[in-house]
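[1] when you get a sec, could you give me coordinates for this:
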Amino acid sequence: MLATVLSATVQGLDGTRVAVEIDLQRGLRTFHIVGLASLAVRESRERVEAALQNSGFELPERRLTVNLAPADLPKEGSGFDLPIALGVLAASGQCRASELDGVCVLGELALDGCLRPVRGVLPIAITMMRQGVRRFLVPASNVDEARLVPDLEAMGCVTLAEAAARCGAVPRPNRRRSNGRGVSSGAVERSRSEAGSTRTTANPEPARGAATAPEDGRPELPNFSQVFGQEVAKRALAIAAAGGHHVLLVGPPGVGKSMLARCLPGLLPPLAAVEALEVRQVLSVCGRHREAASPSVVRPFRAPHHTLSVPGLVGGGRPLVPGEITLAHNGVLFLDELPEFPRFLLDQLRQPLEEGAIHIARANQRIRYPARFQLVAAMNPCPCGNWGHPKKVCRCAPGDVQRYQAKISGPILDRIDLRIEVGVPPAECVGTAPPETNKSNAELDDLRQRIAAARARQATRYENLENVYCNAQTGPEQRRTLLRPRHEAADFLRRAMTRWNLSVRAFDRALAVARTIADLEGASDIDVQHVAEALQYRLQRSDERPGA
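    The predicted structure follows:
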């Protein structure tokens, strides 16, 4: 007897269709799972057997073979428990197999028959919807996540018995349990409490550029009113927020570099609907289903410690999971004490900073994770931090300063658009009473409005380009065709390129920053003053340049 149940697995941020085939043959009772199944999938044998028996169903005394097709695709995770269990019931005649036609089934089984949430439901639901699948059977904890996909009928179940009942299966009375469905009432109540009682309705198809959360829905974030002085750094961060540019803050300890970096998310505009959907998919793949199904999402802010590993930064492991650069997708990645990160680790950022994605190759699979983030890095100018301090004396040897700064490779530094020297604020600015709340809020709101207006101009400019929303995301060819400066500004930038030996990448990125400055001012053309300010943020004194 043969039964087939439709299921899926997640590969990167994409779902992949999997057919769960169950075959029952005469012979000694065995349970085999084939089809490149991982350890977590092979362990489902014990979970399925215990859940079926504890839910009041019969486990056939036959040779049981489960094939996960296509057989050459690696299968990860515990989401195949429920389709295997329902397939066993269908193959043994305990439920109607026709009720499973056209239904994608996902879910992890507890030993008592309760269903636990699985990761990757949202990207799988999107993939199944594109392939014409309209019905989805998932644990109740994942149903809100699946209902984010429009026109999809998402059915949530708390127990295996409830899922089987949708296929006409009726469990036999089980005297070991306190209720007739084969699962204890306490277990059911615990599972329902984990699932939660909130439900969301299906959203319409996301439109490009549409906001997903109101301004007042943002969490409380640090703002510029909490930073003493540092007007140049504030201006640079406003430019970074308006154009999506990367920033490096260099200065002595305690001058406010970390606080400035944490102010950036509060300046960024709300996520567009397409960007929010991508953030939800990342959260879903990471198993954070409650956050993925929340009514609104905000731009991520990730600040990993310098002791993290390469898989922790770019993704990897077994099973493959996203790294910090993917968790920061469409948000901010803050690397404090940048030279403390190993150089080989920082060099892993070259491809993501340039392409907005990371490709992870393994022996039998190749995964692509999105990684379009804003990098904000902070560092001291020397090991002791006092090099260039107006009052304190640096006790580092010149060679130590050069080696410390050289920990950041030239290619990484070349990809950072804005490099800001954060100095010691004047004493008269420190410890003073904060400005009037209304005035401070009005200034911050005005700055956010100008940044939002600049982003709106860029969205209109790049509306025909895929996955391009701001100036920093444009490629070299797009910058040369869409970011044309005035003749005088172009000549000024070429002379600067010759004088300071700027690379072609530096030329293109300085042009993008100049375009952002013009957008903030509402100017239609890139003028000389815009290019001059852009170069001011990019150039450093030669003795401060890492690797010099």
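
[2] report the central residue of the protein.
    Ranked by distance to the mean C-alpha position of the chain (Cα atoms, centre = their mean), the top residue is residue 327 at 3.4 Å.

[3] ok, that one touching residue 282?
    Yes. Using Cβ atoms under 8 Å as the test, residue 327 is close enough to residue 282 to be in contact (6.4 Å). Yep, even glycine has a C-beta here, placed from its N, CA and C like the rest.

[4] still on that earlier bit, apart from its neighbours in sequence, what residue is nearest the residue nearest to the centre of the chain?
    Sequence neighbours aside, residue 302 is the residue nearest to residue 327 in space, at 5.3 Å (criterion: Cβ to Cβ, 6 or more residues apart in numbering).

[5] for the one you found, phi and psi?
    phi -120, psi 140 (degrees, to the nearest 10).

[6] who is it paired with across the strands?
    Here residue 302 sits in beta bridges with residue 333, as judged by DSSP bridges.

[7] count the neighbours of it for me.
    A total of 17 residues lie near residue 302 under the criterion other Cβ atoms under 10 Å.

[8] which residues touch it?
    324, 327, 328, 331, 332, 333, 334, 373 (Cβ atoms under 8 Å, 6 or more residues apart in numbering).

[9] which pLDDT value goes with the residue nearest to the centre of the chain?
    Looking at residue 327, its pLDDT is 95.

[10] residue ranges with poor pLDDT in the stretch 201-350 of the chain?
    For the stretch 201-350 of the chain, the stretches with pLDDT under 70 are 201-220.

[11] run through the helices of it in chain order.
    231-243, 257-267, 273-285, 289-292, 310-314, 324-327, 343-346, 350-355 (DSSP state H, counting those that start in this stretch).

[12] could you give the angle of the lengthiest helix in the chain to helix 257-267?
    Ranked by residue count and defined by DSSP state H, the top helix of the chain is helix 437-461. Angle between the axes of helix 437-461 and helix 257-267 is 70 degrees (criterion: axes from the mean of the first three to the mean of the last three Cα atoms, to 10 degrees).

[13] renumber starting at 26 from here on
    Sure thing, new numbering starts at 26, so read that last one as helix 462-486.

[14] chain center to helix 462-486: distance?
    Remark: helix 462-486 is offset 25 Å from the chain centroid, using Cα atoms, centre = their mean, to the nearest Å.

[15] tell me which helix or strand comes right after that helix.
    Remark: after helix 462-486, the chain's next helix or strand is helix 501-507, criterion DSSP states H and E.

[16] pull the helix or strand with minimum mean pLDDT from the protein.
    helix 210-220 (a mean of 53; mean pLDDT, DSSP states H and E).

[17] mind listing the strands for the stretch 76-225 of the chain?
    Here the stretch 76-225 of the chain has its strands, by DSSP state E, counting those that start in this stretch, at 88-94, 128-130, 133-134, 140-141, 160-164, 178-182.

[18] before we move on, what SS does residue 403 have?
    strand (DSSP: H, G, I helix; E, B strand; the rest coil).

[19] tell me how far it lies from residue 528.
    24 Å (Cβ to Cβ, to the nearest Å).

[20] try residue 344
    Taking Cβ to Cβ, one finds residue 344 at 39 Å from residue 528.

[21] between the two, which is the more surrounded one?
    The neighbour comparison of residue 344 against residue 528 (other Cβ under 10 Å) goes to residue 344, with 15 against 12.

[22] the more buried one reaches residue 102, doesn't it?
    Yes. Residue 344 sits in contact with residue 102 when judged by Cβ under 8 Å, with a separation of 6.6 Å.

[23] which neighbours do those two share?
    63, 65.

[24] redo the helices of the stretch 226-375 of the chain as CSV? Include distance to residue 53.
    Converted to CSV, the helices of the stretch 226-375 of the chain look like this (distance: least, Cβ to Cβ, whole Å):
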stretch, distance to residue 53
helix 256-268, 67
helix 282-292, 61
helix 298-310, 40
helix 314-317, 40
helix 335-339, 42
helix 349-352, 46
helix 368-371, 53
helix 375-380, 53
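
[25] of these, which is nearest residue 427?
    helix 368-371 (14.3 Å; Cβ to Cβ).

[26] what's that closest one packed up against?
    Helix 368-371 is packed against helix 335-339, with contacts defined by 3 or more Cβ pairs under 8 Å, 6 or more residues apart in numbering; DSSP states H and E.

[27] what about the stretch 426-573 of the chain, any weak spots by pLDDT?
    Using pLDDT under 70, the stretch 426-573 of the chain drops low at 451-465, 564-573.

[28] if you set the cut-off to 80 instead, what comes out?
    449-466, 505, 564-573 (pLDDT under 80).

[29] contacting residues for residue 382?
    376, 393, 394, 395, 396, 397.

[30] wait, residue 180 sits on residue 159?
    No. Here residue 180 does not reach residue 159: they are 11.3 Å apart, not a contact under Cβ under 8 Å.

[31] quick one: which of the two has more around it?
    Neighbours of residue 180 and residue 159, each counted by other Cβ under 10 Å, are more numerous for residue 180; the result is 16 against 12.

[32] local confidence estimate at the more buried one?
    Confidence for residue 180, expressed as pLDDT, is 94.

[33] which strand residues bridge the residue lying closest to it once chain neighbours are set aside?
    Excluding the flanking residues, the one nearest residue 180 by Cβ to Cβ, 6+ apart is residue 162, at 5.0 Å. Using DSSP bridges, the bridge partners assigned to residue 162 are residue 130, residue 180.

[34] burial measure for residue 162, as a count.
    By other Cβ under 10 Å, neighbour count at residue 162 equals 27.

[35] who touches it in this structure?
    Here residue 162 is in contact with 107, 128, 129, 130, 131, 132, 180, 182, 188, 191 (Cβ under 8 Å, 6+ apart).

[36] ok, residue 393 next?
    37, 38, 382, 383, 384, 385.

[37] try it again with 10 Å
    When contacts are counted by Cβ atoms under 10 Å, 6 or more residues apart in numbering, residue 393 touches 36, 37, 38, 39, 340, 380, 382, 383, 384, 385.

[38] before I go, just wanted to say thanks for your time.
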